[in-house]
Each structure stands twice: as C-alpha cells, then as structure tokens.
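**Student:** next input, structure requested:
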Amino acid sequence: MKEEILLGKITLSAFIAMILLLQVAFAHGAEEETSEIFQLSKMQIVIYAFLIVAILSIIAILLKSKMDDISKKIIFGLIAIVVIVVTVYLVGSTIYTNLKSVTHGPVHWHAEIEFRVCNVEYDLAHEEIAVDKPLHTHGDGLIHIETTPLSLEDVHLHRFFEYIGGEFTKTSISFPSNKGMISAKTGELCNNKIGALKMFVNGKLEPKMDEYVIAPVEAGEKMDKILIVFD
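**Tutor:** Predicted coordinates for the structure are as follows:
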C-alpha cells in the first residue's frame with residue numbers, strides 16, 4: 001500500500017512539474033527557440049518529455065499489481081530523470097541564451113505604428129495577430145516585442161511584418177489593416193503620380209526603415225511613434 005501511495009505521489013508530482021514546464025515554455029515563446037543540441041524547439045522538448053512521463057505513468061498504473069520492487073524503482077527513476085533533465089536543460093538554456101543575448105536578457109518593448117497610403121489613414125488590424133511570436137500585436141495599434149534577441153537583427157522592424165503575414169522593405173510594404181490587407185510599392189501610381197515609400201519615427205524621416213529597431217521602451221509617452229507613408 002505504501003508503494004502504491006508513493007507511486008501516486010511521484011506520478012502526480014511529475015505531471016505537475018511537466019505542466020509547469022509547459023506553461024513556462026508557452027509564456028516565453030519557446031516554440032521559436034531551437035536547441036543547438038537537439039535541433040528541436042524548447043516547446044517540442046517539453047511536449048516529448050510530457051508524453052514520456054505520461055506513458056511511463058500509465059504503464060506504472062496499469063501494471064502496478066504485476067511489477068516487482070525493482071521494476072517499480074526503474075519506472076520511478078525514469079520519470080524522475082526525465083523531469084530533472086528537462087528542468088535543468090530549460091534553466092540552463094535560458095541562462096545561456098541570456099548571456100549570449102545582445103540585450104543580456106528578455107525584453108518587452110512597444111511602439112505605436114500607423115500608416116498613410118495615398119492620403120488614406122490606416123491602423124493595424126484590430127485583432128490579435130501572431131501573439132505566439134516574438135514580435136506581434138494585440139489589436140491595440142502597438143508593436144509588441146517579447147523575446148530574448150541574440151542579435152538586433154532578430155528585432156528589425158521587417159520581422160514584425162513577416163510575423164503578422166505582411167512584408168516591409170525599403171521599397172514595398174503589405175500589412176493587415178483595419179480595412180483589410182493593404183500593399184504598396186515604390187514606383188506604383190498614387191493619386192495619379194509615382195508614389196514612394198517613406199517612414200517617420202517621432203516625426204523625423206527614418207532611413208533605416210525595415211532595419212529599424214524600436215526604442216527599448218515598455219510603455220508610455222517615450223514609445224516610438226512610427227508612421228509609414230506611401231505617396
């Protein structure tokens with residue numbers, strides 16, 4: 001009876017641990033971070049570990065009356081090893097990523113963005129888009145950056161457009177707006193004249209455009225105010 005109670009406690013503890021690891025992985029967008037060792041995303045590693053623990057737990061429950069003490073200890077040991085290894089890996093890889101990161105840790109930046117195409121004003125679509133990606137929007141007219149960038153290229157402005165299903169270069173743009181999908185390209189006609197793409201940040205012309213990195217601000221008046229114009 002004591003061994004059955006111990007089995008139940010270990011199995012329950014393992015499931016709780018794996019659920020917590022899944023929550024951590026989801027919270028930090030681990031589906032985008034790939035292990036250099038296993039060539040799998042952190043999310044995939046946690047899911048595979050969860051499945052292994054689940055299978056071992058089911059085996060232990062179904063065969064508990066037929067297993068001898070050695071078999072039970074092997075099952076317990078395997079469950080413990082899986083949980084410990086994955087936990088140590090996630091903690092270690094997080095520390096390693098933070099040390100390698102150009103920002104030395106996770107960031108949570110925001111910027112306002114608006115558009116004017118041929119004198120028509122547009123906002124980003126009023127819906128959440130790509131919220132499981134490092135760069136996304138919550139339908140609030142803001143660019144959200146939540147990641148641990150290894151280089152500033154990881155948070156270039158064009159990355160945001162790619163994640164939300166659009167495109168942004170120095171000569172072309174497409175994006176989901178509050179009025180549907182909008183696209184424009186330098187050289188196309190705009191109000192009966194040849195149009196050109198430009199970008200302003202806080203009222204000043206910004207030549208970096210698609211390679212621009214927004215100000216490292218979480219919220220408030222110091223956020224970048226980006227205006228992309230085609231006229």
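
**Student:** scan the protein for its longest helix.
**Tutor:** helix 69-100 (DSSP state H).

**Student:** which parts of that one are buried?
**Tutor:** Judged by neighbour count (16 or more other CB atoms under 10 Å), helix 69-100 contains these buried residues: 72, 75-76, 78-79, 82-83, 86-87, 89-90, 93-94, 97. For the C-beta atoms, the positions are set from N, CA and C on the backbone; glycine is no exception.

**Student:** how much space between residue 84 and residue 166?
**Tutor:** Distance check for residue 84 against residue 166: by CB to CB, to the nearest Å, it reads 43 Å.

**Student:** give me the mean pLDDT for the longest helix of the chain.
**Tutor:** The average pLDDT for helix 69-100 rounds to 84.

**Student:** next structured bit after that helix?
**Tutor:** For helix 69-100, the following helix or strand on the C-terminal side (DSSP states H and E) is strand 107-117.

**Student:** give me the contacts around that following strand.
**Tutor:** 121-124, 141-149, 155, 173, 175, 177, 182, 184, 190, 214-219, 223-231 (CB atoms under 8 Å, 6 or more residues apart in numbering).

**Student:** now with 6 Å?
**Tutor:** Strand 107-117 is contacted from outside by 122, 142-146, 184, 214, 216, 218-219, 223-230, using CB atoms under 6 Å, 6 or more residues apart in numbering.

**Student:** mind listing what's buried along that strand?
**Tutor:** Under the neighbour-count criterion of 16+ other CB under 10 Å, strand 107-117 has 107, 109-113, 115, 117 buried.
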